[in-house]
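Asker: structure for this input, please:
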Amino acid sequence: MSLAAGCPRCPTPVARHGANGDFSCPEHGVVRPLWRPIVPSYDGFVDHLALAESFPTYLPWPLGPGWQVTDFAVVPGAASAVSVAGTSELDGPVEVTVVAEESGVGLGARIAGTDEPGAELGDGPPSARLKVDGMPVQLWPMSLFAAEQGGEWDRSVLVGEAGGRWLWLVLRPASAVLLVAASPSEWILREAGGLGMALVELPFGDGGGTW
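Answerer: Okay, the predicted model is just below:
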């Protein structure tokens, strides 16, 4: 397999543990492993989708000219993430990471550098709207909730709910949030497993591991 196992909550390597072959993180104990490529590639993405099975992997679609998939990860049956990178006229280099996860997995919070979503999510009007497989989804800013706890300002973090799961958008630089807020009709997320032969044309590049 072209994917390596890690902890969904932190970058610490994991190891097999116990007679059942569970994966253990020195920081978080026994965990459901996060599978991530050493180098992003088409073959690795195929392995990713096979591990994900019916759990959705959402991808901004179609990708703009010059945009590439630079990272992806999956906790089988519980979470997925895809990072894409390209350029915009206003911000120059931009990275967008989309995370779908069940509550409590911790992957979205790790990538975003924030706490888990709480009861305050949904207070006030949403900051952005987009479509996920044709369904409208509203997103609220998470970076504001983490500001008092030392949240980083090199990114913007939006969170909502899609299909009964948390949906995160982590955008770098922080100003790139305007790409979503200003042009909601142009932001469409598609389930990558349903793209069929279009996946063969998907461009991959090395994003340098921003998380």
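Asker: quick one, helices of this structure?
Answerer: Using DSSP state H, the helices found in the chain span residues 42-52, 107-112, 177-182.
Asker: tell me the most buried of those helices?
Answerer: Per-stretch averages of neighbours, counted by mean count of other CB atoms under 10 Å, single out helix 107-112 among the helices of the chain, with a mean of 24. Yep, even glycine has a C-beta here, placed from its N, CA and C like the rest.
Asker: how far off centre is that one?
Answerer: With CA atoms, centre = their mean, to the nearest Å as the basis, helix 107-112 stands 8 Å off its chain's centre.
Asker: so where is the chain shaky, pLDDT-wise?
Answerer: The chain contains residues with pLDDT under 70 at 1, 19, 119-120, 143-152, 182-186, 207-209.
Asker: show me where it has strands.
Answerer: 3-6, 15-17, 22-25, 29-31, 34-37, 58-60, 68-75, 79-88, 92-101, 128-132, 135-141, 156-162, 165-172, 188-191 (DSSP state E).
Asker: by contact count, what packs against the second one?
Answerer: Which is strand 15-17. Packing partners of strand 15-17 (3 or more CB pairs under 8 Å, 6 or more residues apart in numbering; DSSP states H and E): strand 22-25.
Asker: name every strand pairing with the strand it packs on and say which way it goes.
Answerer: Sheet pairing here is set by DSSP bridges, and for strand 22-25 it gives strand 15-17 (antiparallel), strand 29-31 (antiparallel).
Asker: okay if I get the strands of the chain as JSON lines plus distance to residue 45?
Answerer: JSON lines is the format used below for the strands of the chain (distance: least, CB to CB, whole Å):
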{"stretch": "strand 3-6", "distance to residue 45": "10"}
{"stretch": "strand 15-17", "distance to residue 45": "25"}
{"stretch": "strand 22-25", "distance to residue 45": "22"}
{"stretch": "strand 29-31", "distance to residue 45": "23"}
{"stretch": "strand 34-37", "distance to residue 45": "8"}
{"stretch": "strand 58-60", "distance to residue 45": "10"}
{"stretch": "strand 68-75", "distance to residue 45": "6"}
{"stretch": "strand 79-88", "distance to residue 45": "9"}
{"stretch": "strand 92-101", "distance to residue 45": "14"}
{"stretch": "strand 128-132", "distance to residue 45": "19"}
{"stretch": "strand 135-141", "distance to residue 45": "23"}
{"stretch": "strand 156-162", "distance to residue 45": "21"}
{"stretch": "strand 165-172", "distance to residue 45": "19"}
{"stretch": "strand 188-191", "distance to residue 45": "13"}
